[in-house]
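>>> Generate coordinates for the sequence data below:
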Amino acid sequence: MRTFLHCKIHKATVTDANLEYMGSVTIDQDLMERVGLLEHEKVLIVDNTNGARLETYAIPGEPGSGTVCINGAAAHLVNRGDEVIIMAFETTDQPRKPRQILVDGDNRFLRDL
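You can find the predicted model right below:
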């Protein structure tokens, strides 16, 4: 068994960083569905703005809102306005092509990658 990229949201813009929330990343539900990311699924977030990398879990935000909100302690590492890549991985012996999308500065779907 190996671990492969399952899905990716590329070049998302962080809309908020909420230190008071108890962890996770809130992602527009439409974006989660488009890449096949499930509620509470573990994600790796790479901050293209400052180089920070962190693991957390995804929770759905309002559909169509463009929300990408970093919650809890991770808000010390990622700031509102930062550009991030959100990725999830799977362990399998049958690799498949990951579902990857590119979004614009408002976190609206642009195209598949």
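
>>> what's across from the residue positioned nearest the centre of the chain in the sheet?
In the chain, the centroid-proximal residue (C-alpha atoms, centre = their mean) is Ile86; its distance is 3.1 Å. Beta-bridge partners of Ile86, counted by DSSP bridges, are Ile9, Ile45.

>>> check contacts around it.
The contact partners of Ile86, taken as C-beta atoms under 8 Å, 6 or more residues apart in numbering, are Lys8, Ile9, Ala12, Val25, Ile27, Leu37, Val43, Leu44, Ile45, Ala58, Val68. The way it works is simple: take the backbone N, C-alpha and C, and place the C-beta from them, glycine included.

>>> Compute the distance between it and Ala74, please.
Separation of Ile86 from Ala74 (C-beta to C-beta, to the nearest Å): 12 Å.

>>> shared neighbours of those two, which are they?
Common contacts of Ile86 and Ala74 (C-beta under 8 Å, 6+ apart): Val25, Ile45.

>>> which residue packs closest to Met32, ignoring adjacent ones?
In space, Met32 comes closest to Pro60 once its chain neighbours are excluded; the distance is 5.6 Å by C-beta to C-beta, 6 or more residues apart in numbering.

>>> looking at this, the one you found is in a helix?
No: under DSSP: H, G, I helix; E, B strand; the rest coil, Pro60 sits outside any helix and is assigned strand.
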